[in-house]
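> sharing a model prediction with you, sequence too.
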Amino acid sequence: MFRYNPEEAGAFEGDIILPPRTRGVGEKLKAARWTNGIVPYMMKPGDFNAGQEAVIVQAMRRLEQSVAINNKLCVQFRPKIATDKHFITIKDGAGCTSSVGQNWHSVKELTLGSGCIHEGTIMHELLHTLGFWHEQSRPDRDNYVTVQYANVQKGLEHAFNKYTTTVDTLGTPYDYQSLLHYGTDYFTSNGKPTLVPKDPLAVIGQRNNLSSIDIQEVRLYYQCIGSSGK
Ligand SMILES: [Zn+2]
């Protein structure tokens with residue numbers, strides 16, 4: 001009926017597998033950070049063809065290079081080895097979903113249905129994997145966007161939850177251009193907007209690249225730069 005965004009299918013907040021306790025922008029729990037910024041992964045055998053695997057790996061390389069500082073990697077995705085205690089399983093399934101962070105949620109899965117094999121969409125999910133939540137769940141979001149609940153599909157209002165505790169905005173400003181920001185009509189029941197920027201010039205929901213603030217947040221969260229930004 002209305003524009004179908006594959007991120008909308010399935011889980012809590014559309015594409016996040018709900019963890020037991022916590023919420024946020026940068027997940028506050030230190031345990032959510034992948035050790036040394038390294039995310040071991042396993043692709044479920046038989047789930048992807050060679051072309052799809054190539055797109056997934058290319059999305060990993062693009063995210064790594066976007067966040068790298070002077071060619072030094074800040075976060076890294078690599079195939080799991082026998083000694084890895086934590087790793088993420090990448091598999092086919094319904095919609096595009098990811099668990100958030102490293103080791104405080106028992107199942108760590110990144111599901112990429114056939115509609116999800118695009119670099120920008122995969123990088124969005126990989127940011128969840130790294131420990132990040134949707135931009136519009138920030139505690140200060142009501143200063144920047146209005147949720148039009150009357151247009152939201154019944155029963156999916158929770159997708160627009162705002163978190164005031166257990167989250168860390170890392171001192172960065174609200175970012176309409178974030179790869180983790182919803183678009184204007186996510187979860188719409190009637191084709192009308194569900195999320196309206198207060199800045200009339202703002203465009204939300206891009207799925208092309210990490211924004212400069214997304215990059216800054218990953219670098220801060222993984223302590224590749226200090227809080228002064230250097
Ligand atoms: Zn998402």
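In hand now; what should we look at?
> check contacts around residue 218.
Applying CB atoms under 8 Å, 6 or more residues apart in numbering to residue 218 gives the contacts 67, 74-75, 127, 130, 132, 210, 224. Every residue, glycine included, has its C-beta placed from N, CA and C.
> quick one: low-confidence ranges for the protein?
The chain contains residues with pLDDT under 70 at 1-31, 103-106, 166, 227-230.
> chain center to the longest helix that it contains, what's the gap?
Ranked by residue count under DSSP state H, the longest helix found in the chain is helix 50-67. Computed by CA atoms, centre = their mean, to the nearest Å, the chain-centroid distance of helix 50-67 equals 15 Å.
> and residue 213, what is it in contact with?
By CB under 8 Å, 6+ apart, the contact list for residue 213 reads 172-173, 175, 177-178.
> quick one, phi/psi of it?
Main-chain dihedrals, residue 213, degrees, to the nearest 10: phi -80, psi -40.
> how about residue 211?
Dihedral angles (degrees, to the nearest 10) for residue 211: phi -80, psi 170.
> contacting residues around it?
Contact analysis of residue 211 by CB under 8 Å, 6+ apart lists 175, 177-179.
> swap in residue 88?
By CB under 8 Å, 6+ apart, the contact set of residue 88 is 39-42, 98-99, 108-110, 129.
> any idea which of those residues is closest to residue 54?
Checking the contacts of residue 88 against residue 54 with CB to CB, the nearest one is residue 41 at 14.6 Å.
> show me what that closest one bridges to in the sheet.
Residue 41 has the following beta-bridge partners by DSSP bridges: residue 79, residue 88.
> any idea which element the residue nearest to the spatial centre of the chain lies in?
By CA atoms, centre = their mean, the mean C-alpha position of the chain lies nearest to residue 128, the distance being 3.3 Å. Following DSSP states H and E, one finds residue 128 within helix 119-130.
> over to residue 219?
helix 212-221.
> hey, C-alpha coordinates of that helix in CSV?
Taking Å, rounded to 0.1, in the frame of the first residue of the first chain, the C-alpha atoms of helix 212-221 are listed here in CSV:
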residue,chain,number,x,y,z
SER,A,212,29.7,13.3,10.1
ILE,A,213,28.0,13.2,13.5
ASP,A,214,27.4,9.4,13.2
ILE,A,215,31.2,9.0,12.5
GLN,A,216,32.0,11.2,15.5
GLU,A,217,29.7,9.1,17.7
VAL,A,218,31.3,5.8,16.8
ARG,A,219,34.8,7.3,17.3
LEU,A,220,33.7,8.6,20.8
TYR,A,221,31.9,5.4,21.8
